[in-house]
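Novice: Structure, please.
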Amino acid sequence: MPAYAIRPARAEDATTVAEIWTKGWADGHLGNVPDELVSVRTAEAFHQRAGERVAETTVAVSESGEVAGFVMVVGDEVEQVYVAAAHRGGGVAASLLAEAERQVAVGGHDRAWLAVVDGNHRARRFYERCGWVDDGMFTYQAEVEGGTLSVPCHRYSKIVAGSGI
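Specialist: Modelled structure (predicted):
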């Protein structure tokens with residue numbers, strides 16, 4: 001299994017992060033979220049968001065220097081976790097999620113949380129394997145230009161403080 005280094009994202013990573021985000025978002029969200037959200041989650045929008053959110057982004061980098069995946073953490077929320085299709089199944093997502101949990105704990109929070117759309121069964125199984133608990137359905141307010149859109153999601157959480165993370 002290849003080794004991956006985990007590090008803060010750099011401005012030059014934004015294009016690759018956007019490409020991973022665009023493809024990964026489509027994999028988990030198309031058919032599972034309101035059409036109104038799909039219409040605004042364009043490749044251009046992901047490129048803009050990735051560039052604006054470098055400071056909140058941590059990347060996994062392969063031995064060859066390729067960005068294999070990323071995670072974004074805001075406060076106690078693990079907001080984004082995506083891995084490029086070519087790197088899935090190799091432990092990248094678990095490493096990124098562990099780093100996100102560490103960041104939430106270091107930020108002074110006892111519990112991390114994240115939102116997963118109901119139909120994204122692959123992601124839901126992954127989080128459950130990693131010790132996250134499904135706290136039930138809630139309405140997530142997805143940020144869009146000029147406001148938010150309501151998206152039915154499962155809220156997952158995990159205690160991170162005092163757990164040795």
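Novice: switch to C-alpha atoms for all contacts and neighbour counts from now on
Specialist: OK.
Novice: Residues touching the helix or strand of the chain with the lowest mean pLDDT, excluding its own?
Specialist: Least confident helix or strand of the chain, by mean pLDDT, DSSP states H and E, is helix 35-40 with a mean of 84. Contact with helix 35-40 is made by 30, 144, 149, as judged by C-alpha atoms under 8 Å, 6 or more residues apart in numbering.
Novice: which non-adjacent residue is nearest the second one?
Specialist: Nearest non-adjacent residue to residue 144, counting by C-alpha to C-alpha, 6 or more residues apart in numbering: residue 40, 7.4 Å away.
Novice: neighbours around the one you found, how many?
Specialist: The number of residues packed near residue 40 is 13, by other C-alpha atoms under 10 Å.
Novice: ranges for the helices of this structure?
Specialist: Secondary structure of the chain (DSSP state H): helices at 14-29, 35-40, 43-52, 92-106, 121-129.
Novice: So which of those is the most surrounded?
Specialist: Highest mean neighbour count among the helices of the chain (mean count of other C-alpha atoms under 10 Å): helix 92-106, with a mean of 21.
Novice: Output the contacting helices and strands for that one.
Specialist: Packing partners of helix 92-106 (3 or more C-alpha pairs under 8 Å, 6 or more residues apart in numbering; DSSP states H and E): strand 4-8, strand 57-62, strand 67-74, strand 77-83, strand 111-117.
Novice: chain center to it: distance?
Specialist: 10 Å (C-alpha atoms, centre = their mean, to the nearest Å).
Novice: Now do it against strand 57-62, angle only.
Specialist: Counting by axes from the mean of the first three to the mean of the last three C-alpha atoms, to 10 degrees, helix 92-106 lies at 140 degrees to strand 57-62.
Novice: CA atoms only for helix 92-106, dumped as CSV, please.
Specialist: Taking C-alpha atoms only, helix 92-106 is exported to CSV below (Å, rounded to 0.1, in the frame of the first residue of the first chain):
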residue,chain,number,x,y,z
VAL,A,92,-6.4,7.8,2.3
ALA,A,93,-9.9,8.6,3.5
ALA,A,94,-9.3,7.0,6.9
SER,A,95,-6.1,9.0,7.3
LEU,A,96,-7.7,12.3,6.4
LEU,A,97,-10.7,11.6,8.7
ALA,A,98,-8.4,10.9,11.6
GLU,A,99,-6.6,14.1,10.9
ALA,A,100,-9.9,16.0,10.8
GLU,A,101,-10.9,14.5,14.2
ARG,A,102,-7.5,15.6,15.6
GLN,A,103,-8.1,19.1,14.3
VAL,A,104,-11.5,19.3,15.8
ALA,A,105,-10.1,18.1,19.2
VAL,A,106,-7.2,20.6,19.0
